[in-house]
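# What follows is a predicted protein model with its sequence.
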Amino acid sequence: MAAFLVIALLPGAPETLASSELRAEVRGKARGVGRASGGGAAAVSVPGEDGAKVRHLVAEGETLASILGGHGLPAAEVQAWEQAAAAVFALDGVRAAHAIELTFAKDQGHLLGLEYEIDPHSVLSVRLVHGQIQARLKAMPQLAAVRGVAGRVDATLATSASAAGVPVRMISELADLFGWQIDLEQDVQPGDEFRLLYAELADDDGDAPRPGDILAAEITSGGRTLTAIRFENERGETEYYDLDGRALGRRFLKYPVAYRKITSNYTGARFHPVLHRMRPHRGVDFSAPAGTPIRAVASGVVTFAGRSGRYGNHIEIEHQQPYATSYSHLQKFARGVRAGTMVRKGQVIGFVGASGMATGPHLHFMLFENGAYVDPLTAKLPTDEQISGARWKRFAALRSDLVARLANLGRATVPLQSLSFSPVSLLDLLRPHASSSLR
């Protein structure tokens, strides 16, 4: 395994960085899904080590009680969390456009903790500790270091990146970043290379630093190099762009589960493992352990969530016209997901299972365009923005800096000092993001 790890420490006191884990991925309400009830707050759910984390952006008029109630907590439980929080923070200070992160147990049944960003410097943290709800104020996480990893693929990108020290979560994020440009399972071969720069965040609670955002990433495969640069879009959200300023992401995630093996592709004829005869396979099957979180690939409205014959536990979502998706063989649904629920891109809607006509745990995922089946992996789906105007100059300067540092990661003889971010680069990189959702 040809890989090495380089740590770039920051000169002087680090800039305050509001953690990406506290940032809601705010998406404008998609056209065609306006009939969903509820406020304009954005919520996105992602799997975490201790359970499912739901990031919620406070809307005008919302309170902590209404937010907790909206996420399925009974009134008595809401009151208990409110009382604990009120002991250290005046709850009438909860403000619109600030983020709250809720952490639920893996089954999305019990609330384990919440964090609310008070201002650029402080966070309200409330946790369930040994059956008691405890609240305290703590400093906003700070950027402790920028870490760089470079390596060569030995067997698969996932195993090689993990062996090189890339956090497991970021391997799945790479699939989301580059998924529409390259199939990380099929296209990346032994001998291909990867480079990654990411932030490391430190809290004031004495715990070890934890990974934050990917700042830049690069994959060289089959004679071409793909690069992703972290930069804010026009709505103040974190986005990733190629070297020409085109957003890598689309309005749809390519994968509804964290990067997993595809066991059956979209095809007009497949030998059915249960029926033992040739049948069309109008979707894609993702193999994953039972209980793996399933994500909505785009914002939309749930039109069905229940039992559906051979599909078992099944969810259908209508997105911005003309698209719809479905998710089958679920073990169970995420809390609060039912017909009429509005969901956001990346939100956990259920968990992988083997219900219905299935030989083992997997997700059967289908995409529809104007009601007709289309291949989810090859469909030409809507793209996001292209950087232009006044923002281009800032992006170009940041791009040059990060690309140079990615290149340096591949040179073992480069002194560590040359990999350190300058204060100006840090200012350009972090300050807009740290203040984007604060008022």
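Now that the structure is in, tell me what you want to look at.

# going forward, measure contacts between C-alpha atoms and count neighbours the same way
OK.

# Tell me, how many residues neighbour residue 308?
Per other C-alpha atoms under 10 Å, the neighbour tally for residue 308 reads 15.

# thought it was touching residue 327?
No - using C-alpha atoms under 8 Å, residue 308 makes no contact with residue 327, being 10.9 Å away.

# pLDDT weak spots in the stretch 51-200 of the chain?
Scanning the stretch 51-200 of the chain with the threshold set as pLDDT under 70 gives 51-52, 106-109.

# Break down it into its helices, ranges please.
64-70, 75-86, 157-164, 168-178 (DSSP state H, counting those that start in this stretch).

# JSON lines for these, including distance to residue 149 and mean neighbour count?
What follows is these, written out as JSON lines (distance: least, C-alpha to C-alpha, whole Å; neighbours: other C-alpha atoms under 10 Å):
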{"stretch": "helix 64-70", "distance to residue 149": "39", "mean neighbour count": "17"}
{"stretch": "helix 75-86", "distance to residue 149": "40", "mean neighbour count": "16"}
{"stretch": "helix 157-164", "distance to residue 149": "7", "mean neighbour count": "20"}
{"stretch": "helix 168-178", "distance to residue 149": "12", "mean neighbour count": "19"}
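
# out of the ones you listed, which comes closest to residue 258?
Among the helices of the stretch 51-200 of the chain, helix 168-178 comes nearest to residue 258, with 5.4 Å by C-alpha to C-alpha.

# between the closest one and helix 157-164, how big is the angle?
Relative orientation of helix 168-178 versus helix 157-164 (axes from the mean of the first three to the mean of the last three C-alpha atoms, to 10 degrees): 140 degrees.

# which helices and strands sit right next to helix 168-178?
helix 157-164, strand 224-232 (3 or more C-alpha pairs under 8 Å, 6 or more residues apart in numbering; DSSP states H and E).

# again, only this time at 10 Å
helix 157-164, strand 193-202, strand 210-221, strand 224-232, strand 238-241 (3 or more C-alpha pairs under 10 Å, 6 or more residues apart in numbering; DSSP states H and E).

# In CSV, list the C-alpha atoms belonging to the third one.
Put plainly, it is strand 210-221. Written as CSV, here are the backbone C-alpha positions of strand 210-221 (Å, rounded to 0.1, in the frame of the first residue of the first chain):
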residue,chain,number,x,y,z
ARG,A,210,-12.9,15.0,15.2
PRO,A,211,-13.0,15.3,11.4
GLY,A,212,-15.0,18.2,9.9
ASP,A,213,-15.5,19.1,6.3
ILE,A,214,-13.6,17.9,3.3
LEU,A,215,-11.8,21.0,1.9
ALA,A,216,-10.5,19.5,-1.3
ALA,A,217,-10.3,16.1,-2.9
GLU,A,218,-8.7,14.6,-6.0
ILE,A,219,-9.0,11.2,-7.7
THR,A,220,-6.8,10.2,-10.6
SER,A,221,-8.2,7.2,-12.5
